[in-house]
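J.: Here is the input, now give the coordinates:
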Amino acid sequence: MGVVICKPFGYEATCAHRSLGAFAQAAAAAGFPTLRFDYAGTGDSGKIDATADQLALWTEDVLAAVRELQRRGGVAQVCLLGFRFGALLAMLAARQCPEITALIAVAPVLSGRRYLRELRVIQMAASKSVVVAPRVGTLEEGQTVSALEVSGFCVSASSTAALSQLDLTMLSAPPVGRVLVIDRSDLPGARAWADALGKLGVQTEYVALPGIVEMMWTAPHFAKIPHAMISAVRGWLERLAPRIAVLSAAHAAARDAEPAAAASAASAPVMPEAPVLRLSGEQGAAAEGVIERPVFISTEPMVFGIVSEPAREVARARTGSVAAILLNDGATSHIGANGLYVSLARKWAQSGCTVLRMDLAGLGDSGVRRGRPGNEVFPPAALEDLRAAIDHLRRHHGAQQVTVVGLCAGAYHALRAALEPLPINRLMMINPQVFYWKEGMSINDLQLADIVRKRALSSYWQRLLAGQVNVWKVAKIYLRRPMLSLQAALRDAARRLHIRLPRDLGQQLEDMAARGVRIVFAFSREDTGIELLRLSAGSAVKRCGAHIHIIDGADHIFSQSGPRQELERVLSVELFAAPSEPQPATRAPAAAASSH
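T.: Coordinates of the predicted model:
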């Protein structure tokens, strides 16, 4: 038996990424070959038509993953391990495939209407910059369904229509022998469904455990691996072993009746071929394809990444040996916020650039350094990973010009790499909110970004009156704001007198520019990083020739498609600008973005 993991949808999948890897490792350690995969149009998978019925398409993806695991792992039966929306897809797939003989549903989505209601609550909360956990609700009868964009992830109109008609509690049981239901301990909602499965003849186990909120509804850098759930899943799989042996014998007997050649093909383990994915280009006669392959960069521990390259040498010849590295934004994996890095990498590869989307050690699919925690947003050894990545691109891909790109925490690491200095030609920083970090600091600590935030004081007063923040934190904001402005003025004066001060961002940017590094900043209009840059670097920003782009209508992670496309356009112009020919910052239409 093997295990196929069906991930949740959207931001839940982003938060749960490392946890799903831990589930896969536990299942494999118990002797079950395990496959994780991305549904079409998500993660590292290719694009899909924006009008496609994702419910039907992703159910087919689950079935394709089952066949792939059978082919690669030589397994006869498969257990589906589904999380939230992934559990719903697993149930639908199990009804169509006799090789799926067991099912594990974690906090399953049972009602499509209730799930759409949750998505709309999240969508409305995001528009007000409020973070809330999903709540149970229902669509009003007769309410129209339409396409949704939730936290940067899209649900098509046809998908919402299909979901609005789906209720697993009204369907007959899938033809599987065993089901494990893991429910939320804080707000259980699947007990009645589990009992109904048992009455329909399915051998069902039900357990309510903690950890679901911390795994899927907590920001990636604070998300926790649910060890109790992993232990329950592993134990349940191991208890299946006697039953698996009986079913495997029956399956083998049935297979013996098939032609010998077919039986041989079905039973023989297949060694995976070279892991290369060829992607078709964007629509258009001149578009060229992209080749993608996973890479493991030799550091301690091994660092994971995906390289995107142009499929034809003629595309590479247009840009020379240009390469780019995309760094984790916070604790998000190598796909970037809302899949931003996937889109950038493929677009740039089509234009002739080699792009590495990498996970720093402890993040995404990379290993964790000995003695360090996982999900570490500012790991002190990040420069070692970056140095190895640049060396990999130079040795294996002939890179001569290297650009390092990062959003938020990724921008911090990109800046550190240029200051080291590592051999970098371009530096693209998107919404940086930290320019200096030292070991022992916490993301929960009061940061400069809190102090310079335009609406910070009103926000803190509201929370103070609600008893959600301490008085001392508000006082520190009041006390430090005037000091910051004074320090910024004094640093600017010192730079004009050529007096070098420690931790002087302005002087450091000037030094980088003198080495020929092209410096690019991209900000959302309301992002605190704009004011933070002004206070930290002052007039040196202009002297160093930094290119600053400000995009209207965007949140911190560019979760809306319009501003995200404008960001991609701006960064693409900067990537392929000649280093020796400084370009004035572009000015976009007022409705989409403005730059200065």
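
J.: My guess is Ser539 contacts Asp492. True?
T.: Yes: with contact defined as Cβ atoms under 8 Å, Ser539 reaches Asp492; the gap is 5.6 Å. Glycine gets a C-beta too; all of them are placed from N, C-alpha and C.

J.: which stretches of the protein have low pLDDT?
T.: 126-145, 241-288, 313-320, 443-485, 579-596 (pLDDT under 70).

J.: redo that, cut-off 50
T.: Scanning the chain for pLDDT under 50 picks out the ranges 129-144, 245-274, 280-287, 446, 454-457, 580-596.

J.: Specify the residue ranges that define each domain of it.
T.: 2-109+171-267, 288-438+515-595 (automatic domain parsing).

J.: what about the last one, distance to the chain center?
T.: Centre-to-centre, domain 288-438+515-595 and its host chain are 15 Å apart (Cα atoms, centre = their mean, to the nearest Å).

J.: let's have the chain start at 356 instead
T.: OK, 356 is where the count begins now, so the last one is domain 643-793+870-950.

J.: Show me what the nearest residue to Asp910 once chain neighbours are set aside bridges to in the sheet.
T.: Closest residue in space to Asp910, ignoring its immediate chain neighbours: Ser879 at 6.2 Å, by Cβ to Cβ, 6 or more residues apart in numbering. Counting by DSSP bridges, Ser879 is bridged to Ile906.

J.: circling back: could I get the domains of the chain in a markdown table, plus columns for distance to Arg858?
T.: Below are the domains of the chain laid out as a markdown table (distance: least, Cβ to Cβ, whole Å):
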| stretch | distance to Arg858 |
| --- | --- |
| domain 357-464+526-622 | 24 |
| domain 643-793+870-950 | 6 |
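
J.: mind giving me a markdown table with these and columns for distance to Leu841 and mean neighbour count?
T.: Output for the domains of the chain, formatted as a markdown table (distance: least, Cβ to Cβ, whole Å; neighbours: other Cβ atoms under 10 Å):
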| stretch | distance to Leu841 | mean neighbour count |
| --- | --- | --- |
| domain 357-464+526-622 | 32 | 19 |
| domain 643-793+870-950 | 10 | 20 |
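
J.: nearest to Arg472, of those domains?
T.: Arg472 lies closest, by Cβ to Cβ, to one member of the domains of the chain: domain 357-464+526-622, at 11.2 Å.

J.: if we can go back for a sec, so what sits against both of Ser894 and Asp847?
T.: Gly861 (Cβ atoms under 8 Å, 6 or more residues apart in numbering).

J.: Quick check, the residue nearest to Asp910 in contact with Glu921.
T.: No: the criterion here is Cβ under 8 Å, and Ser879 misses it with Glu921 at 10.6 Å.

J.: Common neighbours of the two, please.
T.: Common contact partners of Ser879 and Glu921 (Cβ under 8 Å, 6+ apart): 906, 909.

J.: nearest spatial neighbour of Ile537, skipping sequence neighbours?
T.: Ile537 sits nearest to Val461 (Cβ to Cβ, 6+ apart), 4.6 Å away.

J.: Let me see the contact set for that neighbour.
T.: 436-439, 442, 537, 567, 584.

J.: Phi, psi for it please.
T.: In terms of degrees, to the nearest 10, the main-chain angles of Val461 are phi -100, psi 120.

J.: Tell me which helix or strand Thr456 sits in.
T.: Assigned by DSSP states H and E, Thr456 belongs to strand 455-461.

J.: Direction included, what does that strand pair up with?
T.: Its sheet considered, strand 455-461 pairs with strand 433-438 (parallel), strand 533-539 (parallel) by DSSP bridges.

J.: Could you dump those strands into TSV with distance to Ala517 added?
T.: What follows is these, written out as TSV (distance: least, Cβ to Cβ, whole Å):
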stretch	distance to Ala517
strand 433-438	17
strand 533-539	23
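
J.: how about these, which one is nearest His904?
T.: Closest among the strands paired with strand 455-461, using Cβ to Cβ: strand 433-438, at 37.4 Å.

J.: next SSE after the closest one?
T.: Next along from strand 433-438, by DSSP H and E: helix 440-449.

J.: Pull the distance from that following helix to the chain's centre.
T.: On Cα atoms, centre = their mean, the centre of helix 440-449 falls 22 Å from that of its chain.
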